[in-house]
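Trainee: any chance you could fold what I've pasted below:
(chains A and B)
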Number of protein chains: 2
Amino acid sequence: MLAALVQNSGLIVPSTWRVPTPVGRSAHAVMDVAATSPVSQATRGVVVPTGSSLPDRTRDTSKEKVVVLGSGWASVKFLQNIDTDKYDVTVISPRNFFLFSPFLPSVTVGSVEGRSIVEPMRALVQYGARPLSRKIKDRLSGRPGLTPEEFETARFMEVACTKIDVENNRVYCEDVSSVAGDRGFTLSYDRLVVGVGAISNTFNTPGVKENAFFLKEIEDATVIRSRMLDAFESAALESDAAKMKSMLEFVVVGAGPTGVEFAAELDDLIRGDLINLYPQQAEVAEVVLVSSTDDLLSSYDKRISEFTAELLKQSRVRVEAGVRVVEVKESAVVCKRKATGEEFDLPSSLTLWSTGVKPLPLVEELIAAVPEQTKRSGLYVDSSLKAYGLDNVYAAGDCAAVASGSSMQSDLKKLFKTADVDGGGTLTKEELLQLFDKIEDRYPQAAVFKSKVEEGFAEADVDASGELDEEEFAGLLKEVDSFMRNLPPTAQVAGQQGSYLAAQFNGENDKPFKYFHKGSMAYIGQDKAAAQVSMLKNLLPEFLQGLPLVGEDIVLTGSLAEVVWRFLYLDMQISNRNKLQVGFDWVKTIIFGRDTSRY
Amino acid sequence: MLAALVQNSGLIVPSTWRVPTPVGRSAHAVMDVAATSPVSQATRGVVVPTGSSLPDRTRDTSKEKVVVLGSGWASVKFLQNIDTDKYDVTVISPRNFFLFSPFLPSVTVGSVEGRSIVEPMRALVQYGARPLSRKIKDRLSGRPGLTPEEFETARFMEVACTKIDVENNRVYCEDVSSVAGDRGFTLSYDRLVVGVGAISNTFNTPGVKENAFFLKEIEDATVIRSRMLDAFESAALESDAAKMKSMLEFVVVGAGPTGVEFAAELDDLIRGDLINLYPQQAEVAEVVLVSSTDDLLSSYDKRISEFTAELLKQSRVRVEAGVRVVEVKESAVVCKRKATGEEFDLPSSLTLWSTGVKPLPLVEELIAAVPEQTKRSGLYVDSSLKAYGLDNVYAAGDCAAVASGSSMQSDLKKLFKTADVDGGGTLTKEELLQLFDKIEDRYPQAAVFKSKVEEGFAEADVDASGELDEEEFAGLLKEVDSFMRNLPPTAQVAGQQGSYLAAQFNGENDKPFKYFHKGSMAYIGQDKAAAQVSMLKNLLPEFLQGLPLVGEDIVLTGSLAEVVWRFLYLDMQISNRNKLQVGFDWVKTIIFGRDTSRY
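Mentor: Numbering: from 1, shown residues only, chains lettered A, B, ... in the order given. Below you'll find the predicted structure:
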């Protein structure tokens, strides 16, 4: 009803509504296409390019050449808005489709089918895929190159980018298909847009790569689904009650949106469907949600965290908060309670790792090659999303780290003076700690660094004098700035950045990028959701805006929130086909339940 | 419309309507889960059982114990009809779902989604899944054990059978899941029903196992789909026209229903959908259908073969008839024209092998262990589907070879006398050939054997005397009988056999099994199908039976046949969920086309 109203009113709910991007392998992480994705791995032989002898496939054109890396939210929103009459656009990705990543937790349990949330890139670069608002702008411009008839689509190539050569303004590409002719080639660019996403951060925890599952690509969902049903089938063969129970323990590490939604969907599956087919097993099955913080969904409003914790108490999901994972074994997770230091094992037949992201090797290499790139969390870009130290490279989405707040390095002199209480020209560890206490409100990165001050100080103190001179202090601040808070790795951020870059390139916007947080939503199980919406008002037709539940920063929890969640997500689907299919999947799930065939 | 009428009339179209079973790996071919199914392979570590030390998991029951092997048509139809009040039934299969195999060609191109044609075995053994006619019989019997409330479901176990031990009436089972406790165990049976299907017959053609794709399981469809789209993506990167063309050649070996339907669906995909996204590539793409016979669909009515050949001429499918495949290379198929002996190469970026089936290693081992098992094509069963030489082992579906026509061995004495023209007590090769010429009408297997008489004679002539004595002649006839024509490996045959066995076990039917061919159907592309129907009349409500197109052995071709094809197949789906989903998939394909995301 709501969605219908929203649609009929002619308003378009932006696809950048806050949607958490699950972490894991990225489409560009060819080298990382490992355990969780045997299909892609089996059909892909990765060959490292042999250098400058490769053929060049740059299109011969008089237009300015834009190369886009990636097929996620940032790239697609960029492509749907870029002026291809002005730019010659080539987009490359080893994944030839866009994936509506927020629904991956649903796909693992079959509430939504994988095929319902993908859309080929070649369809998305066509004129028909441009949003209505853009089509109107195109029409108003009166330029023939922006009409459906003469629109020149961006060129899509299903290849992985293996190297970004900023010296020569070109990228190295690799055809990773199992049916390939000449595998490697280069593409030159005038401007490069990096939208490759990020990969799961294991924080070097032993055993994660080998034994944990990630949830980032569509194949991951298939593998997780199969594993989960394997666990139920094998448990059904087990006569020993204790052994059976241990085979039905599922551990989710990380209580962000992906972790919480997966745990909730899994609980739904068990109580809603598996209970009919595996009654004894479903009875004892348990999902354990391990959170290093005390809160769930800690990036959300406190009311949402609390509601989620309450709701999960009524489910099969057991929360282990304030617990750090020390190691992931084949069928257990070794944990440490942060408060007491106590170590304990959780049995686990499926461990989902969803704790955070880090840059791809491709991006890390670029960061290492450019001295002005001082952040570790992503390609450091200024407020126009242009990479520091590079004139024509832009980044958007999870791979970008946007400058925000003050950099401590830029305030070096002032900080040193403030810290040097005794005026000795060097800083002791105590002076440093006092400084950080004083300034942590203005520089949040300082607060993060404080917990590691011992190692940090020792590392910065190059001459091991026990005190830091100004040069050593500068090195330390560079380190501290690397903790500067980034925008969250969400679809909403990535989409807004992609659209912003297109507008900037088109000459429609020369202001700095400003992230506009429209709200956060999460499905938390038992047909309930939680939504924190700042802009619901603006999305509704006028006559509904007076309703009491509409306003600034509304927090909705429960069944009503689930209705909002469903309709907004349905409306965010990137194509009409996706909308219809997701809607159908939901109806089907309500009528027939979820399919439990293991494949 | 038609389906609605059929359904409203209360008539049930049997699921055993002739549906060709595609060939390839079987669910039981754990050892054969190879190249085409990396997902299953990666999550399965096969361990060979260690023998009699294994635990026994036979259920403690006073009922007669039936063990069923397999989760295909034969097993499911058996399970849906067996009297579980009388028998304790356990069904095992490494695949925990039933697959509507006739739609696999559609799944490869996305006309139907994989998830739409599977149904969990655990759901199919429940009372609700029994056909209406059976529910009525159950109700009429008045026995409490056959009511929905007290119905005891068959036990399902997701394991592979690794060995059938007929001496001790038990089977060896292996939990092949990635989450497994004790992996191996045994099950004892009073009666064993073997319904494990068959695997693709490569006829030892070099390179087939390594380079060709099969289409038997749902994962195969995914891999083929991905490969096909990879070919288009890679071809789109290729600037050399000849190289590009060679990457867009798809070779289908075998012109039975699977081969023809796959070729037709692939042509539909190219001309209907890929043409929009890959215009240059779709223009030159070609599907080559290689047939060793001169006809396509040679087991169907001649009018169907001819119509199919005509229709394919209007498509991208090129037919190479009367051609044998000598070798399958990585990107080419080596062929030999049978008439001229000329050898030639067909370039191929995807080779589908769909030529015929042979028994699984599990079944071959059983055949080798029982002297009365004289057939190579399957477990040799009498007309009650009981295996020769065994008292309590039954077979149904592709793994069974039902005795039909006269066995030559049983007529040994008479045949020897007829052949021994000179009365010398031994047979020369000439006498043998004369005999075979004379009797080939009565014994079709003789005709098949004649082409190999040279090797056959030499092999039979144990003492190399150049003539065959009666004992040697008996050995030869055993060999000849192994060519005895089997029922075709179709869903219709398998389903009828499964239902028959249940009726026999239930004590409802003590007559021999008789196959009742209801008709054959195939989709041949461009929204056209071909159907040869003997019993359409009986399936229609009375007032429609007078229509001119209804009668004995009607052959329908073209668009009307496609409508019949769609409605009958829709009605054959094993659950309401499947019906709804397949119908929805078709509607979606008509409105939005097929999804071309490569995963």
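
Trainee: just the CA trace of the longest helix anywhere in chain A, in CSV.
Mentor: Counting residues, the longest helix found in chain A (DSSP state H) is helix A:218-237. Written as CSV, here are the backbone C-alpha positions of helix A:218-237 (Å, rounded to 0.1, in the frame of the first residue of the first chain):
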residue,chain,number,x,y,z
ILE,A,218,25.9,-14.3,-4.6
GLU,A,219,27.9,-17.6,-4.7
ASP,A,220,28.6,-17.1,-1.0
ALA,A,221,24.9,-17.3,-0.2
THR,A,222,24.6,-20.6,-2.1
VAL,A,223,27.5,-22.1,-0.3
ILE,A,224,26.3,-21.0,3.1
ARG,A,225,22.8,-22.3,2.4
SER,A,226,24.2,-25.7,1.3
ARG,A,227,26.4,-25.9,4.4
MET,A,228,23.5,-25.1,6.7
LEU,A,229,21.3,-27.7,5.3
ASP,A,230,24.1,-30.2,5.3
ALA,A,231,24.4,-29.6,9.0
PHE,A,232,20.7,-30.4,9.5
GLU,A,233,21.0,-33.5,7.3
SER,A,234,24.1,-34.8,9.1
ALA,A,235,22.6,-34.0,12.5
ALA,A,236,19.5,-36.0,11.6
LEU,A,237,21.8,-39.0,11.2
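
Trainee: now for it, which elements pack on it?
Mentor: helix A:38-42, helix A:104-109, helix A:241-247, helix A:279-284, strand A:350-353, helix B:38-42, strand B:155-157 (3 or more CB pairs under 8 Å, 6 or more residues apart in numbering or on different chains; DSSP states H and E). (Glycine included, C-beta is placed from N, CA and C.)

Trainee: from the chain's centre, how far out does the last one sit?
Mentor: Relative to its parent chain, strand B:155-157 has a centroid offset of 23 Å by CA atoms, centre = their mean, to the nearest Å.

Trainee: after that strand, next one along is what?
Mentor: strand B:160-165 (DSSP states H and E).

Trainee: state the mean pLDDT of that next one.
Mentor: Strand B:160-165 shows a mean pLDDT of 96.

Trainee: what of stretch A:322-336?
Mentor: For stretch A:322-336, the per-residue pLDDT averages 95.

Trainee: redo the helices and strands packed on helix A:218-237 as CSV? Include mean pLDDT, mean neighbour count and distance to residue B:446.
Mentor: Below are these laid out as CSV (pLDDT from 0 to 100; neighbours: other CB atoms under 10 Å in any protein chain shown; distance: least, CB to CB, whole Å):
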stretch, mean pLDDT, mean neighbour count, distance to residue B:446
helix A:38-42, 32, 20, 46
helix A:104-109, 92, 27, 57
helix A:241-247, 93, 16, 57
helix A:279-284, 94, 16, 56
strand A:350-353, 97, 28, 58
helix B:38-42, 32, 20, 42
strand B:155-157, 95, 21, 44
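
Trainee: closest one to residue A:579 among these?
Mentor: helix A:104-109 (14.9 Å; CB to CB).

Trainee: to residue B:251, which of the helices and strands packed on helix A:218-237 lies closest?
Mentor: helix A:38-42 (20.9 Å).

Trainee: which residues touch the residue of the stretch 301-450 of chain A found nearest chain B?
Mentor: Closest approach of the stretch 301-450 of chain A to chain B (CB to the nearest CB) occurs at residue A:349, with a separation of 4.5 Å. For residue A:349, the contact set (CB atoms under 8 Å, 6 or more residues apart in numbering or on different chains) comprises A:227, A:231, A:246-250, A:331, B:179.

Trainee: closest to residue B:428 out of those?
Mentor: residue B:179 (64.1 Å).

Trainee: show me which residues of the stretch 101-250 of chain A sit near chain B.
Mentor: Neighbours of chain B within the stretch 101-250 of chain A, by CB under 8 Å from any CB of the partner chain: A:110, A:113-115, A:118-120, A:122-123, A:157-159, A:175, A:177-182, A:185, A:218-219, A:222-223, A:226-227, A:229-231, A:233-240, A:243-244, A:247.

Trainee: which among those residues end up buried?
Mentor: A:110, A:113-115, A:118-120, A:122-123, A:157-159, A:175, A:177-181, A:185, A:218-219, A:222-223, A:226-227, A:229-231, A:233-238, A:244, A:247 (16 or more other CB atoms under 10 Å in any protein chain shown).

Trainee: of the helices and strands packed on helix A:218-237, which approaches residue A:491 most closely?
Mentor: The nearest among the helices and strands packed on helix A:218-237, by CB to CB, is helix A:104-109 at 11.3 Å.

Trainee: can you tell me what sits against the closest one?
Mentor: By CB under 8 Å, 6+ apart, the residues outside helix A:104-109 that reach it are A:22, A:112-114, A:117, A:215-216, A:218, A:220-221, A:224-225, A:228, A:258, A:261-262, A:264-266, A:268-269, A:523, A:594.

Trainee: do stretch A:425-441 as well
Mentor: Against stretch A:425-441 from outside (CB under 8 Å, 6+ apart): A:415-416, A:418-422, A:446-447, A:449-450, A:453, A:457, A:465-470, A:473, A:476.

Trainee: of these, which belong to helices?
Mentor: Using DSSP H, the contacts of stretch A:425-441 in helices are A:415-416, A:418-419, A:446-447, A:449-450, A:453, A:457, A:470, A:473, A:476.

Trainee: mind putting those residues in CSV, neighbour count, distance to chain B and pLDDT included?
Mentor: Converted to CSV, the ones in helices among the contacts of stretch A:425-441 look like this (neighbours: other CB atoms under 10 Å in any protein chain shown; distance: CB to the nearest CB, whole Å; pLDDT from 0 to 100):
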residue, neighbour count, distance to chain B, pLDDT
A:415, 22, 51, 86
A:416, 20, 54, 87
A:418, 14, 55, 86
A:419, 20, 54, 87
A:446, 24, 44, 71
A:447, 15, 42, 64
A:449, 22, 41, 70
A:450, 15, 42, 68
A:453, 17, 44, 74
A:457, 19, 46, 85
A:470, 14, 54, 87
A:473, 24, 51, 88
A:476, 21, 46, 85
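
Trainee: so which of those residues comes closest to residue A:208?
Mentor: Nearest to residue A:208 among the ones in helices among the contacts of stretch A:425-441, counting by CB to CB, is residue A:449 at 24.5 Å.

Trainee: how much space separates the residue lying closest to that closest one once chain neighbours are set aside from chain B?
Mentor: Counting by CB to CB, 6 or more residues apart in numbering or on different chains, residue A:480 is the residue found nearest to residue A:449 once chain neighbours are left out, at 4.6 Å. In this view, residue A:480 and chain B are 42 Å apart by CB to the nearest CB, to the nearest Å.
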